[in-house]
Every structure is written in C-alpha cells, then in structure tokens.
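Participant: The sequence and its predicted three-dimensional model are supplied below.
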Amino acid sequence: MRYLQDLEKICKINSFTNNKAGVDAVGEHMQKWLEELDFKTEIYKRTNIGDHLLFLSAKTDGDKILLLGHNDTVFPEGVFEEFTQDEEWIYRAGVCDMKGGNYVALEALRNVKKKQGKIHNIDFLLVSDEETGSDDSKFITYIINQCLANVPEIKLTKGEQKRDFIFIDDVVRAYLLLLKHGKKIKEQYLDVEVGSGTATTIRDMVILIASLTKTKSRLAFGTLPYRENEIMESRANIEFIEKMGWKPEISLEEGIAKTIKARRQR
C-alpha cells in the first residue's frame, strides 16, 4: 500500500524542530506529492529552522478552506527512531503528531482530485516549528528575529492598529493569583481579562524593537495592506483583576528588552 510506504519514508526522516535539514527534507516530499495535484508552492525561507510551506490551489467564488499542519517533531536524533508495525498500529516519531495527519490530508486531497478532476479553494500550510510554540509565526518574535538578522527590509502595514501587550511574567502572576483566590469568586463562570490595560500602535511597537535591537533593517511601513475586517484597537479590561490586587509590573520596553535578550541567546 502506497500510503504506508510514503508514511514510512517521511517518518524515518528525523525532523526534530532544530534539525533544519530534516524538516526541510520532509517538506520536499510533501511538496512533490502536492504539486502532483497541481498545487503551487510558496516557500518561506528560514535560517535556523525548517522553511514554512504554503500550498495554493486554484481559486473560484465560494468558501475557502485552509488545512494546517507541521513537519517538525519533538524527538531529537537517536530518540524513538525505529519504525515498527503490528496488526493494529504503526510506531515511530511523527506517525501521529503530525506526519500521519499531514498524510491523511494529502490522501483526502488525492481523493478530491480523483473525483472532481481539479482542486479549488483548498490551501495547505505546513509550518516547521509547531513543537516549540511556533515562535516564528508570532508577530513580536518575528519582528525581533528580522531585526536581529538585519534583513534589508521588513514589510509592514501602516501600523495604526492598536494592541494590548503584556509580558509573560505578569500573565503568570495573574494566573497564580486567580488560582489562589478562585474560591472567593462567586460567579459560576467569569471571563477574566489579563493585559496591560493600555493599547500601543503596531508602528510604535515595531519602532521600539528596531531601536532596542539597533537593527539596520529598513522598516517599510505601508507596503502591506490591512487584513480584511482588521480590528483597529484591542485592549484588555483589567478592572476585575486589579480589584483582586494584581497589576502589571513589567513595562513594555522592559518586556521587549527581556524578549530580545532571550532571542539573542538562542
């Protein structure tokens, strides 16, 4: 059966998140198989991790579907490397999470192509760093990484959107406070917002990162359009948790500086 042979092929490639060559090798197999179904590939090159791959189908009017998966695993070389099979199960790093899932999606797309002749309005995104929290796809760490790498140009929207930024240590303190005093809360269900309570423009945030990293990158504000239905202002209402005695302690600049320091040490 082809699907078992193909699954074994990609599962036998070690694609631990930090193993860029292995993650990219898995991606090359997926690229070959998906391009056989007439998908077009956009490759988002990365230096220290595997490349992100976006496979695009033809577009027509109607609803659109995005399939999402990842090519990396949590297992470094030398760990869980034997590929075995019994009457019910297959065992190897990635069989479940997530090469098996990616291949199930591939087989489904093959069936769509077989029955309909062509695939429309279904795209497939395979990222390379899901197992480490997908830092590369998060806006703040993405901008920091680009600035530290001194890429020639960072393409951005005008940056007028306002967002509420908070450092992780303050979030943890809020959670611990809620766990400690949770029994005192009378409501059966309560949505507690945690944030700084203030909103900063994306433009100001990016300029701050550029200043603290001393980047040589050009900040190309206005070269990207806003997303459809872009939310232009978002901030947390922290009134409830402030009454419990919590407030953020780490300033925006201090939090960004700590994050930059951590990224430099990686």
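Facilitator: Cool, got the structure. Residues are numbered from 1 along each chain as shown.

Participant: Give me the contacts around the longest helix that the chain contains.
Facilitator: In terms of residue count, the longest helix belonging to the chain (DSSP state H) is helix 99-116. Contact partners of helix 99-116, identified using CB atoms under 8 Å, 6 or more residues apart in numbering, comprise 3, 6-7, 10-11, 15, 26, 30, 33-34, 37-38, 67, 69-71, 73, 90, 94, 119, 122, 124, 126. In this view, the C-beta of every residue, glycine as well, is placed from N, C-alpha and C.

Participant: which residues touch D123?
Facilitator: Per CB under 8 Å, 6+ apart, neighbours of D123: L54, F55, L56, S57, K64, I65, L66, L67.

Participant: And the residues you listed, which of them are buried?
Facilitator: L54, F55, S57, L67 (16 or more other CB atoms under 10 Å).

Participant: Same list (these) but as CSV, adding secondary structure and distance to E242.
Facilitator: CSV is the format used below for these (DSSP: H, G, I helix; E, B strand; the rest coil; distance: CB to CB, whole Å):
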residue, secondary structure, distance to E242
L54, strand, 42
F55, strand, 46
S57, coil, 49
L67, strand, 42
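
Participant: What is the nearest of those residues to G159?
Facilitator: For these, the residue nearest G159 by CB to CB is L54; the value is 24.0 Å.

Participant: Local confidence estimate at that closest one?
Facilitator: The predicted structure scores L54 at 96 on the pLDDT scale.

Participant: Can you report how many residues neighbour the closest residue to it other than its chain neighbours?
Facilitator: Of all residues not flanking L54 in the chain, E42 sits nearest, at 4.3 Å (CB to CB, 6 or more residues apart in numbering). A count of nearby residues for E42, using other CB atoms under 10 Å, gives 11.

Participant: Now do the helices in this structure.
Facilitator: 2-11, 20-35, 99-116, 139-148, 168-181, 202-213, 239-243, 252-264.

Participant: so what are the domain limits for this structure?
Facilitator: The chain breaks down into these domains under automatic domain parsing: 2-132, 138-264.

Participant: Report how many residues lie close to the residue lying closest to V23 once chain neighbours are set aside.
Facilitator: Excluding the flanking residues, the one nearest V23 by CB to CB, 6+ apart is G50, at 2.8 Å. Neighbourhood size, G50 [other CB under 10 Å]: 28.

Participant: and if you look at D24?
Facilitator: Residues near D24, counting by other CB under 10 Å: 21.

Participant: I'd say it and I49 touch.
Facilitator: No. At 9.4 Å, D24 and I49 do not qualify as touching, with contact defined as CB atoms under 8 Å.

Participant: where do the contact lists of the two overlap?
Facilitator: S128.

Participant: Enumerate every residue touching the residue nearest to L54.
Facilitator: L53, L54, F55, L56.

Participant: Settle this for me: the last one is touching I43, isn't it.
Facilitator: No. The pair formed by L56 and I43 falls short of the contact definition of CB under 8 Å, at 11.7 Å.

Participant: Run through the protein and note the low-pLDDT ranges.
Facilitator: Scanning the chain for pLDDT under 70 picks out the ranges 1.

Participant: Can you report how many residues neighbour the closest residue to I202 other than its chain neighbours?
Facilitator: Spatial nearest neighbour of I202, excluding adjacent residues (CB to CB, 6+ apart): G159 at 4.1 Å. Counted with other CB under 10 Å, the neighbours of G159 add up to 18.

Participant: quick revisit: could you export the helices of the chain as TSV, including distance to E82?
Facilitator: Converted to TSV, those look like this (distance: least, CB to CB, whole Å):
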stretch	distance to E82
helix 2-11	10
helix 20-35	16
helix 99-116	15
helix 139-148	35
helix 168-181	37
helix 202-213	44
helix 239-243	49
helix 252-264	35
